[in-house]
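Visitor: The sequence and its predicted three-dimensional model are supplied below.
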There are 2 protein chains.
Amino acid sequence: MLEYAEPVIKLIDEFKRLPGIGHKSAQRLAFHVLRMSETDVERFIAALQEVKRRIVSCSICNNLTDVDPCRFCSSPGRDRSVICVVEEPYNLVAVEKTRSYKGLYHVLHGSISPIRGMNVEDLRLANLLPRLKPENNEGVEVREVILATNPNTEGEATANYIKHLLKPLGLRVTRIAMGMPVGSDLEYVDEVTMDKALTNRHEI
Amino acid sequence: MLEYAEPVIKLIDEFKRLPGIGHKSAQRLAFHVLRMSETDVERFIAALQEVKRRIVSCSICNNLTDVDPCRFCSSPGRDRSVICVVEEPYNLVAVEKTRSYKGLYHVLHGSISPIRGMNVEDLRLANLLPRLKPENNEGVEVREVILATNPNTEGEATANYIKHLLKPLGLRVTRIAMGMPVGSDLEYVDEVTMDKALTNRHEI
């Protein structure tokens, strides 16, 4: 006998597709949805739909945004001579939280990881090089690119690749300091450690 | 500066409302949704909608189902003389998995927990007593009610309450054996322990 009705099984399967959600959690989430009011489920669905409808990738830096160019790229208050390269849009938030960085960003949407099928050509790097020319950067010359990819194997490989790509252009290419534990994830670092890592960045 | 666009913040907030999802997980899930294909998000939304549209509470046992009465209540293969009372629809699955129980169910949708504002009147018990009469049970007399609420304080209080309610009716009221670790949750028990607990049930 089928233990759950088919729509419940389908919803459990959908929850299981999400990262970090196993079978038991998916089951709990599906039953939570069953207990939610119609209004709450509708608001959840609306949030899912709105995010897909309104969020686009910034044409300059690839950050996810509801206005193009994004708030960072279009802000007159940001230092256009520095670009901080991060793997994911939520990694950018870890840098912002230090409140010590005032430059621009470039979001790669991944890191080099052959094991997960992510190669150099899958990184959103194509629009980084044109940004370094003053004519494409509101007349400002980019002096420095900070590589703030994760301090793990994939992030290091990615930083190395970008370093070799940018070095011939004669600008400063720096790497955030390994102040944080190697093997960890940028998303989980505290502000103070992240700040130290930014401050101690070194030329590579 | 707002670090995330407003639709992203909204979706993170919606994920945070789900049980067991903290801020970091909600963030990861929201960004995962942003990376999902339109088709995948639509299928997820359809699963949420379908579960709300098609799943109802069984008018006999309160189990969540897409047909009323549910598959258990309408099955000619189930022993109608035994009713197993569980707290949640997913607890019923833990009993089913033993493959040793062939009776009917009654789902309370909760347990007595004054601390969480759950009182006796919030349990879905009103339709249990009428079920015990043969005329409401396809002519079959209910010989036994097995109380399979969780082996924790709330589940024990609930079992005790139901015991006192049913004892005067002269039928057998049993409690699953405490073969599983006290303080744990029915959802996480393995089939063998659950089977032992069913087998060693004792009169209360």
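Guide: Sure, I can see it. These figures come from a predicted structure and were not determined experimentally. Numbering: from 1, shown residues only, chains lettered A, B, ... in the order given.

Visitor: Show me what the longest helix along chain A is packed up against.
Guide: Longest helix in chain A by number of residues (criterion: DSSP state H): helix A:38-54. For helix A:38-54, the elements it packs on are helix B:6-16, helix B:23-35, helix B:38-54, judged by 3 or more Cβ pairs under 8 Å, 6 or more residues apart in numbering or on different chains; DSSP states H and E. C-betas here are computed from N, CA, C, even on glycine.

Visitor: what is the rounded mean pLDDT of the first one?
Guide: Helix B:6-16 carries an average pLDDT of 94.

Visitor: Mind listing what's buried along that helix?
Guide: B:P7, B:V8, B:I9, B:K10, B:L11, B:I12, B:E14, B:F15 (16 or more other Cβ atoms under 10 Å in any protein chain shown).

Visitor: How about the longest one?
Guide: When burial is assessed from 16+ other Cβ under 10 Å, helix B:38-54 yields the following buried residues: B:V41, B:R43, B:F44, B:I45, B:A47, B:L48, B:E50, B:V51, B:K52.

Visitor: now swap in the second one and tell me
Guide: Applying a neighbour-count criterion of 16+ other Cβ under 10 Å, the buried positions in helix B:23-35 are B:S25, B:A26, B:Q27, B:R28, B:L29, B:A30, B:F31, B:V33, B:L34.

Visitor: dump the residue contacts of the spatially closest residue to the fifth one that is not a sequence neighbour.
Guide: Read that as B:L29. Excluding the flanking residues, the one nearest B:L29 by Cβ to Cβ, 6 or more residues apart in numbering or on different chains is B:F15, at 4.7 Å. Applying Cβ atoms under 8 Å, 6 or more residues apart in numbering or on different chains to B:F15 gives the contacts B:I21, B:S25, B:A26, B:L29, B:A30.

Visitor: Report the secondary structure element holding A:C84.
Guide: strand A:79-86 (DSSP states H and E).

Visitor: helices and strands around that strand, which ones?
Guide: Using 3+ Cβ pairs under 8 Å, 6+ apart: strand A:79-86 touches helix A:89-96, strand A:103-107, helix A:128-131, strand A:144-147.

Visitor: from the middle of its chain, how far away would the first one be?
Guide: What it means is helix A:89-96. Remark: helix A:89-96 is offset 7 Å from the chain centroid, using Cα atoms, centre = their mean, to the nearest Å.

Visitor: Touching that helix from outside, list them.
Guide: Outside helix A:89-96, the residues that reach it (Cβ under 8 Å, 6+ apart) are A:63-64, A:84, A:86, A:101, A:105, A:107, A:109, A:148, A:150, A:186-187, A:189, A:194, A:198, B:1, B:3-4, B:27-28, B:31, B:34.

Visitor: and with 6 Å instead?
Guide: Contacts with helix A:89-96, where a contact means Cβ atoms under 6 Å, 6 or more residues apart in numbering or on different chains, come from A:63-64, A:84, A:86, A:101, A:105, A:107, A:186-187, A:189, A:194, B:3, B:27, B:31.

Visitor: Which positions within that helix qualify as buried?
Guide: Quick answer for helix A:89-96 (16+ other Cβ under 10 Å): A:P89, A:Y90, A:N91, A:L92, A:A94, A:V95, A:E96.

Visitor: how long is stretch A:91-108 end to end?
Guide: 11 Å (Cα to Cα, to the nearest Å).

Visitor: do the same with stretch A:76-95
Guide: The first and last residues of stretch A:76-95 sit 19 Å apart, counting by Cα to Cα.

Visitor: likewise stretch A:109-126?
Guide: 12 Å.

Visitor: is chain B contacted by it?
Guide: No: residues of stretch A:109-126 are not located near chain B by Cβ under 6 Å from any Cβ of the partner chain, the shortest gap being 7.9 Å.

Visitor: Show the average pLDDT along that stretch.
Guide: 92.

Visitor: So for that stretch, what gets flagged as buried?
Guide: A:H109, A:G110, A:S111, A:I112, A:S113, A:M118, A:L123, A:L125.
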